[in-house]
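K.L.:
Provide a 3D model corresponding to the input given below.
(one chain, ligands or ions: 1)
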Amino acid sequence: MIERRFTRIQTALPGPKSAAVLEKKARYVAAPLAVYAPFVIKESKGALIEDLDGNRFIDFSGGWGCLNVGQRDDRVVAALHDQLDRFLHTDFTAVPYEPLVELAELLAARTPIPGEVKAAFFNSGAEAVENAVKIARAYTRRKAVLVFDNAFHGRTLLAMTMTHKADPYKMGFGPFAPEVYRLPYPYTYRNDVTAKEIEQRLLSLVDPSDVAAMVVEPVMGEGGFLVPPDWFLPAMRELADKHGFVLVFDEVQSGIGRTGKFFAFEHFGITPDLICVAKSLGAGLPLSGVIGKAEIMDAPVKSGIGGTYVGNPLACRAAIEVLKAIDAGGLLDRAVHVGDRIKEHFLRLQDRYDVIGDVRGLGAMVGMELVEDRNTKRPAKELTGKITQHALRNGAIFPTAGLHGNVIRVLVPLVITDAQIDEGMEILGEAFAAVLD
Ligand SMILES: Cc1ncc(COP(=O)(O)O)c(C=O)c1O
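P.N.:
The predicted structure is shown next:
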């Protein structure tokens, strides 16, 4: 057993101060905003969280993938302080400001799409996805949208329709948006699919000349950390070119360095027409964007896209520093190292526990899928919950994923140290032992 240097559980969870807040939360905050952690945060830095009662945790969730540069990166904090002393809001379309323009320029320079590239900013991932579809529809003057099995694109009406998992994301929320068609995504551990089968499904569902856009996650996030085989994204690029629709990569979870490249699609040798980004772009501030070919981005009518708060100056200042922090900290290489180290731990656990059916990932987007037995591969949702809850109560926060909630995934800040990884992995190992041995 390694010495606990970063985690410390010194009260029952929740401790008394957290419990008081959680009681009020139950009384005043709408119940659907259900919380995962049995404690309330006091402060955080890097990959570490301290709660109101002095308990300390290693956060492998990274605020659900929003903190690739870590909590309160020094550059981000300094830029935010500086911006606080200048101005907070104008609405960019009323009175424009430099940080948004600078961010668009920096992102265009990082985007390997050939030709001129432009960006537009929004607040959330769902908004980026909705706007990518609006832009593609305006450009193609077509209506249909292709999405995939296991996809997660957000919770607004169109994004929710595009999302696969009904429980909880669609329960009681219909009617859904029209003209959304779902195709199989390669899930190599369970049911593989070929490019031909995907095209056949497309042709059986919709006239391809009615399709405005295909929206696809280059690595499936909420859907279970599915890394597609090398042929998949190039084959989708071919389909888009053949049928004349816009290829949109939803990089909300997989982007901003998570997989060891700035965009996950850079592993696969093709480029999309539009890219959706959010989460780690703003280092915790609400910011999302659509980046893509200028002629497509320019297609909607003037003021057809936008919103009061989109590209908020504070969030843009944070994002500019995120891009600098990725370079200064060598975080793309770090993502590969973090992912390799976690994968090694996961594989060691897999040798020991038959319930770990699959270990997979790209860079620091790593997950393990838990099954009742390796032959039937029946998803072990309850067990996954027991193990992650045990780890959580002992100092390590691991989110789950997958259509059946049976994947333990890692979205840890890339600035996590090796010693912190090892301590968190020991806590996870103890959770497996406590539940299974
Ligand atoms: C791939 C993907 N797209 C879109 C979204 C929606 O983002 P938001 O919750 O910011 O609306 C998410 C959120 O998890 C996501 O993972």
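
K.L.:
Which parts of the protein are helices?
P.N.:
Taking DSSP state H, the helices of the chain run over residues 16-28, 62-65, 74-84, 98-110, 125-140, 157-162, 195-205, 232-243, 294-297, 313-328, 331-352, 381-393, 418-436.

K.L.:
by contact count, what packs against the fourth one?
P.N.:
Read it as helix 98-110. If you count contacts as 3 or more Cβ pairs under 8 Å, 6 or more residues apart in numbering; DSSP states H and E, helix 98-110 packs onto strand 117-122, strand 288-293, helix 313-328. All C-beta atoms are positioned from the backbone trio N, CA, C, and that covers glycine.

K.L.:
What is the burial count for Gly429?
P.N.:
Neighbours of Gly429 under the rule other Cβ atoms under 10 Å: 17.

K.L.:
List the contacts of it.
P.N.:
By Cβ atoms under 8 Å, 6 or more residues apart in numbering, the residues touching Gly429 are His345, Leu349.

K.L.:
Also Pro300?
P.N.:
If a contact means Cβ under 8 Å, 6+ apart, then Pro300 has Lys134, Ile135, Ala138 as its contacts.

K.L.:
ok, the first one to Leu274 distance?
P.N.:
Lys134 sits 11 Å away from Leu274, going by Cβ to Cβ, to the nearest Å.

K.L.:
So these two - more neighbours on which side?
P.N.:
When Lys134 and Leu274 are compared for neighbours, Leu274 comes out ahead with 26 against 18, by other Cβ under 10 Å.

K.L.:
Grab the nearest non-local neighbour of that one.
P.N.:
Computed as Cβ to Cβ, 6 or more residues apart in numbering, the closest residue to Leu274 that is not its neighbour in sequence is Gly292, at 3.5 Å.

K.L.:
If that neighbour is in a bridge, with which residues?
P.N.:
On the basis of DSSP bridges, Gly292 is bridged to Lys118, Leu274.

K.L.:
now Val248
P.N.:
Here Val248, judged by DSSP bridges, has bridge partners Val215, Leu274.

K.L.:
separation between it and Pro286?
P.N.:
21 Å.

K.L.:
And the two? Which one has more around it.
P.N.:
Val248 (30 against 20).

K.L.:
who touches the more buried one in this structure?
P.N.:
By Cβ under 8 Å, 6+ apart, the contact set of Val248 is 129, 132-133, 136, 213-216, 272-276, 292.

K.L.:
near the ligand, from these?
P.N.:
The subset of these lying close to the ligand, counting by Cβ under 6 Å from any ligand atom, consists of Val129.

K.L.:
Tell me how many other residues surround Pro99.
P.N.:
There are 21 residues near Pro99, going by other Cβ under 10 Å.

K.L.:
Glu98 now?
P.N.:
So Glu98, with other Cβ under 10 Å, has 11 neighbours.

K.L.:
Now do it, the pLDDT please.
P.N.:
pLDDT for Glu98: 98.

K.L.:
Quick one: name the residues of the stretch 151-300 of the chain near the ligand.
P.N.:
When proximity is defined by Cβ under 6 Å from any ligand atom, the stretch 151-300 of the chain lies next to the ligand at Phe152, His153, Gly154, Glu217, Gly221, Glu222, Asp250, Val252, Gln253, Ala278.

K.L.:
and if we set it to 8 Å?
P.N.:
Residues of the stretch 151-300 of the chain lying close to the ligand by Cβ under 8 Å from any ligand atom are 151-156, 159, 217, 221-222, 250-254, 276, 278-279, 286, 288.

K.L.:
Mind checking which of the residues you listed are buried?
P.N.:
When these are checked for burial by 16 or more other Cβ atoms under 10 Å, the buried set is 151-154, 156, 159, 217, 221-222, 250-254, 276, 278-279, 286, 288.
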